[in-house]
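# With the sequence up front, the predicted model follows.
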Amino acid sequence: MTVTEHPLERIPVFVDASVWIAAAASPTGGSSLVLEVCRGKRFAAICSQRVLLEAQQNIRDKMTTHEMARFYQLLAAASPSLVPPVAAEAEIQYEEIVGLKDAHVVAAAVHGEAAFLVTLDRKHLANERVRAAGLPLEMLTPGEFIRLILAEHPVP
């Protein structure tokens, strides 16, 4: 899918916990840039409460209060739309593709009609096997997402 093919006014981008965590840790990295892009007129961040709680817990357990404060600032600035909880039965169909631990992420992204799922999880999500599974969204790393945007909307 190209950026121009999506019919909605703002293209929904599902932001995985790994991106929130990385953005909290690095204000100048690609994950922070993804969240900044999602604050513009072209893209909108979407997420699930479960993914945000996972990010919050990881930041709380592994980082400082500075990164936790930055996470809350990013959350307020990006103002992601929350996808309603997905039934366990809906998650099951993705377990074979991404495994039990990440099925809820894909289910929420699909349920939220995301055009893209941006993640740093190359092992379970952003890999060729998952990309070839025929999901109705593109699975991208932050770098891939940024390159895609720049390719379709070059900076003058």
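Ah, there it is. Numbering: from 1, shown residues only.
# Sketch out the low-pLDDT regions of this protein for me.
1-8, 153-156 (pLDDT under 70).
# Please enumerate the strands of it.
Along the chain, counting by DSSP state E, strands occupy 11-15, 43-48, 81-83, 116-118, 138-140.
# Looking at those strands, which is nearest to residue 101?
For residue 101, the closest of the strands of the chain is strand 43-48, at 14.1 Å, according to C-beta to C-beta. Where C-beta positions appear, they are placed from N, C-alpha and C, glycine not excepted.
# Please compute how far the closest one lies from its chain's middle.
7 Å (C-alpha atoms, centre = their mean, to the nearest Å).
# do the same with stretch 49-61
Counting by C-alpha atoms, centre = their mean, stretch 49-61 comes out at 13 Å from the chain centroid.
# Check which residues of it are buried.
Within stretch 49-61, the residues that qualify as buried by neighbour count (16 or more other C-beta atoms under 10 Å) are 50, 51, 52, 54, 55, 56, 58, 59.
# Same question for stretch 71-81.
Residues of stretch 71-81 classed as buried: 71, 74, 75, 78, 80 (neighbour count, 16+ other C-beta under 10 Å).
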